[in-house]
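Student: sequence and computational prediction follow.
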Amino acid sequence: MSLPPQNRIGLASVICGVVGLVLSFTHWLGLGLGVLGVVLGAVGLSRVKHGLATNKHTAEFGLLLGAMAVVCWVAILVAARLLPEALT
């Protein structure tokens, strides 16, 4: 009897995306976890495409959260660089 396909990689992508989004405001770790969330989300979607996993939406959500973490981190970095110049 075979087990139903799962997508634990998609779940890991969601976890990395959420933690990366929270930490993107405070730490470099947010960038790393955001990128990891994007990569794991893409791998999860690939597993769904090949029939090795079933929860496509989890992988998509993880990919989205990871991308949001990266964008927030970059936006905060840019704002931190530009804000002191705007105040002078």
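Tutor: Thanks, I have the structure now. Everything numeric here is computed off the predicted structure, so don't read it as measured data.
Student: every contact and neighbour count from this point should use C-alpha atoms.
Tutor: Will do.
Student: tell me which element the spatially most central residue of the chain falls in.
Tutor: Residue closest to the mean C-alpha point of the chain, counted by Cα atoms, centre = their mean, is G66 at 1.6 Å. For G66, the element it lies in under DSSP states H and E is helix 56-87.
Student: now do that helix: distance to the chain's middle.
Tutor: A distance of 10 Å separates the centroid of the chain from that of helix 56-87, by Cα atoms, centre = their mean, to the nearest Å.
Student: counting by contacts, list what that helix packs against.
Tutor: Packing contacts for helix 56-87, counted by 3 or more Cα pairs under 8 Å, 6 or more residues apart in numbering; DSSP states H and E, involve helix 8-23, helix 29-49.
Student: tilt between that helix and helix 29-49?
Tutor: Helix 56-87 runs at 150 degrees relative to helix 29-49, counting by axes from the mean of the first three to the mean of the last three Cα atoms, to 10 degrees.
Student: helix 56-87: which residues count as buried?
Tutor: 56, 58-73 (16 or more other Cα atoms under 10 Å).
Student: of the helices and strands packed on helix 56-87, give the one that comes closest to R81.
Tutor: Nearest to R81 among the helices and strands packed on helix 56-87 is helix 29-49; the distance by Cα to Cα comes to 16.9 Å.
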